[in-house]
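Novice: show me how the following folds:
(chains A and B)
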Number of protein chains: 2
Amino acid sequence: MNTIITIAREYGSGGRIIAHKLAEQLGYEFYDEELIEMAANKMGFSEEYVKENEEQKNFSFLSNFYSIPGELPVSDQIFIAESNAIREAAEKSNCIIVGRCADYVLKDHPRCLNIFVHAPIEERARRVFEVYDEDAPNIQAHIQKVDKRRASYYNYMTQQKWGQAENYDLCINSSLGIDLTVMMIKAAVEEFEKKDLEE
Amino acid sequence: MNTIITIAREYGSGGRIIAHKLAEQLGYEFYDEELIEMAANKMGFSEEYVKENEEQKNFSFLSNFYSIPGELPVSDQIFIAESNAIREAAEKSNCIIVGRCADYVLKDHPRCLNIFVHAPIEERARRVFEVYDEDAPNIQAHIQKVDKRRASYYNYMTQQKWGQAENYDLCINSSLGIDLTVMMIKAAVEEFEKKDLEE
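Specialist: Numbering: from 1, shown residues only, chains lettered A, B, ... in the order given. Predicted structure coming up:
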């Protein structure tokens, strides 16, 4: 059975870097925006169209009221398509999936390790500035806006609470250290493998 | 400077066992109910009186309306006494403090590692039954009641949310493994020490 690591992350917490390092060190597949493409292709939506609706629904779900009667709202259609893509990826090989409520989608998967990466706002502002070279007039407000979007998308789609410990196996303040975070997640994966040998 | 590990935990998640193992392996002091005694002694309350009020305020804060005008409610007085005891312990030596909102009390401490330990309800029911030998008619409901008390105490005293990832450095689902959890926390402590050497 494949091992899946899902990574949810606060904006600027280094979740993506952590995911990349893990993928490299473990030799796992890596997914995030690609999933949108996969889902879009499957549903026959253009990638552009999905991205547009992805973003819209993060701010408001009003657009859903304009869907054709009897049809699922567009945001739900995309969520279903993406969920199918996530499940397909999980069946194909060991992988790491960033964002997209993957923890929720795979919650019945017996070898899925769900991670949430966060960090203090000052630390994230520094990273967004340095790594992403983003120069918003008020960078902290910008970060909080992105997170609010991620939270409301997750909360709406899953009826769970984004960043609530019980939804994840491991929540890590990445300011403890990026390499330490990677090491901890790898140790948890090894524990899975140890249990396999015992059984 | 001393290193402090605070451990908040869902009932039956093994948080106490983890704290004990850490204390043993790291050679740290261990505190929990002892803190109540220390605080009670300092304030001149009898230990019995503190315990009684501790429990009352967990169910309702109504008792606070009966305090003498101009005086702080009893639950607040006890909280302040306990907070002082926590700060004193943190100044005295490296230590591990279980519960008592210690993460919040020490939030400005530069070497404090805040942990939240949780586990799926079925796993906790099994542990409560096996380890504590508790035989409530409905053990899961009993566990949820204890956690609700812990959460409302924490939320009331700290104005933060119990079990919300951002309040802790590390939230761990202990069903990954008790020894793995201990190892992860120790690795984070070592990271502190490494940073000291670099500075």
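Novice: next structured bit after the lowest-mean-pLDDT helix or strand in chain A?
Specialist: Taking all helices and strands of chain A together, the one with the lowest average confidence (mean pLDDT, DSSP states H and E) is helix A:47-59, at a mean of 57. Past helix A:47-59, heading to the C-terminal end, the next element that is a helix or strand (DSSP states H and E) is helix A:74-92.
Novice: next, the contact list for residue A:150, please.
Specialist: Residue A:150 makes contact with A:8, A:10, A:11, A:58, A:99, A:162 under the criterion CB atoms under 8 Å, 6 or more residues apart in numbering or on different chains. The C-beta positions use only the backbone N, C-alpha and C, and glycine is treated the same way.
Novice: the same query, at a cut-off of 10 Å, please.
Specialist: Applying CB atoms under 10 Å, 6 or more residues apart in numbering or on different chains to residue A:150 gives the contacts A:8, A:9, A:10, A:11, A:58, A:99, A:101, A:162, A:163.
Novice: most neighbours among these, which one is it?
Specialist: Counting by other CB atoms under 10 Å in any protein chain shown, residue A:8 has the largest number of neighbours within these, with 28 neighbours.
Novice: among the contacts of residue A:150, which one sits closest to residue B:156?
Specialist: Sorting the contacts of residue A:150 by how near they are to residue B:156, with CB to CB, puts residue A:163 at the top with 20.7 Å.
Novice: pLDDT wise, what is the closest one at?
Specialist: Looking at residue A:163, its pLDDT is 96.
Novice: count the neighbours of residue A:172 for me.
Specialist: Residue A:172, neighbours per other CB under 10 Å, totals 32.
Novice: is it true that it touches residue B:191?
Specialist: No. Using CB atoms under 10 Å, residue A:172 and residue B:191 do not qualify as a contacting pair, with a distance of 11.6 Å.
Novice: overlap of the contact sets of those two?
Specialist: With contacts taken as CB under 10 Å, 6+ apart, the residues that reach both residue A:172 and residue B:191 are residue A:180.
Novice: hmm, the helix or strand harbouring residue A:126 in reach of chain B?
Specialist: In this structure, residue A:126 sits in helix A:121-130 according to DSSP H and E. Yes. Residues of helix A:121-130 contacting chain B under CB under 10 Å from any CB of the partner chain: residue A:121.
Novice: okay, now the unreliable bits of chain A?
Specialist: A:35-71 (pLDDT under 70).
Novice: show me which residues of it are close to chain B?
Specialist: Counting by CB under 10 Å from any CB, chain A comes close to chain B at A:8, A:10, A:113-114, A:116-121, A:161-177, A:179-181, A:183-185, A:187-188, A:190-192, A:194-195.
Novice: so which of the residues you listed are in helices?
Specialist: Taking DSSP state H, the ones among these that sit in helices are A:121, A:179-181, A:183-185, A:187-188, A:190-192, A:194-195.
Novice: does the nearest residue to residue A:102 once chain neighbours are set aside belong to a helix, a strand or coil?
Specialist: For residue A:102, ignoring the flanking residues on the chain, the nearest one in space by CB to CB, 6 or more residues apart in numbering or on different chains is residue A:6 at 3.9 Å. Per DSSP: H, G, I helix; E, B strand; the rest coil, the local secondary structure of residue A:6 is strand.
Novice: and the gap between residue A:6 and residue B:16?
Specialist: Using CB to CB, to the nearest Å, we find residue A:6 at a distance of 29 Å from residue B:16.
Novice: for the residue nearest the centre of chain A, phi and psi?
Specialist: A centroid search over chain A (CA atoms, centre = their mean) returns residue A:99, at 1.0 Å, as the residue closest to the centre. Dihedral pair for residue A:99: phi 70, psi -160, per degrees, to the nearest 10.
Novice: quick one: contacts for it?
Specialist: When contacts are taken as CB under 10 Å, 6+ apart, residue A:99 is in contact with A:6-9, A:15-16, A:19, A:31-33, A:35-36, A:150, A:153-154.
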